[in-house]
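Asker: With the input below, show me the fold.
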Amino acid sequence: ARAYRRGRKALRRADATAAPERFHELRKRVKDHLYHLRLLAPICPPLLGARRELADRLADLLGDEHDLTVLAEYAATVDDTLTAVDRVVLAALLERRRGELRAALRPLAEWLFAEPTDRLVERFASYWQTGLSQGPCGSRRTSGSAAPDGSPDRPG
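Answerer: The predicted structure is shown next:
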């Protein structure tokens, strides 16, 4: 719950300031959520797999945005390689591409963090409990068969 709550907060902060460090923080929180989704996805791939793919794509876009930020900072400090005009042109190109990436990632971030934390935790707990008692969604376990963790079947 804490990681998801931090992700929602990081999204609000990134929206409020658009500072590069805010987007980097958002990327870290997306990665935290992604790791949790990777653990939970086998319980019900049709429900959680799509969410995991969304988080994966968002993390990639945020990583690209961060890479461009680092490149822009480096290019601004390299005096002997680039002319002043080259630095200005490169900075403008990098900023434009960062803006495109931010525009592309924003709706993904809004979807990923749209659900209130308490509701998401409740839903994931329900998936987990159902997976333990019934097996992964779409499977047809019979009574007495092993749960996904290898333990005996448990009543719901």
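Asker: Quick check: buried residues in the helix or strand hosting residue 122?
Answerer: Remark: residue 122 resides in helix 117-134, with elements defined by DSSP states H and E. Neighbour-count burial for helix 117-134 flags 117, 120, 124, 127, 131, 132, 134 (criterion: 16 or more other CB atoms under 10 Å). No exception for glycine: its C-beta is placed from N, CA and C like everyone else's.
Asker: which secondary structure elements does it contact?
Answerer: helix 2-17, helix 20-40 (3 or more CB pairs under 8 Å, 6 or more residues apart in numbering; DSSP states H and E).
Asker: deepest of those helices, which one?
Answerer: helix 20-40 (a mean of 19; mean count of other CB atoms under 10 Å).
Asker: what angle sits between it and helix 117-134?
Answerer: 20 degrees (axes from the mean of the first three to the mean of the last three CA atoms, to 10 degrees).
Asker: Including mean pLDDT, could the helices and strands packed on helix 117-134 go into a markdown table?
Answerer: Below are the helices and strands packed on helix 117-134 laid out as a markdown table (pLDDT from 0 to 100):
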| stretch | mean pLDDT |
| --- | --- |
| helix 2-17 | 95 |
| helix 20-40 | 96 |
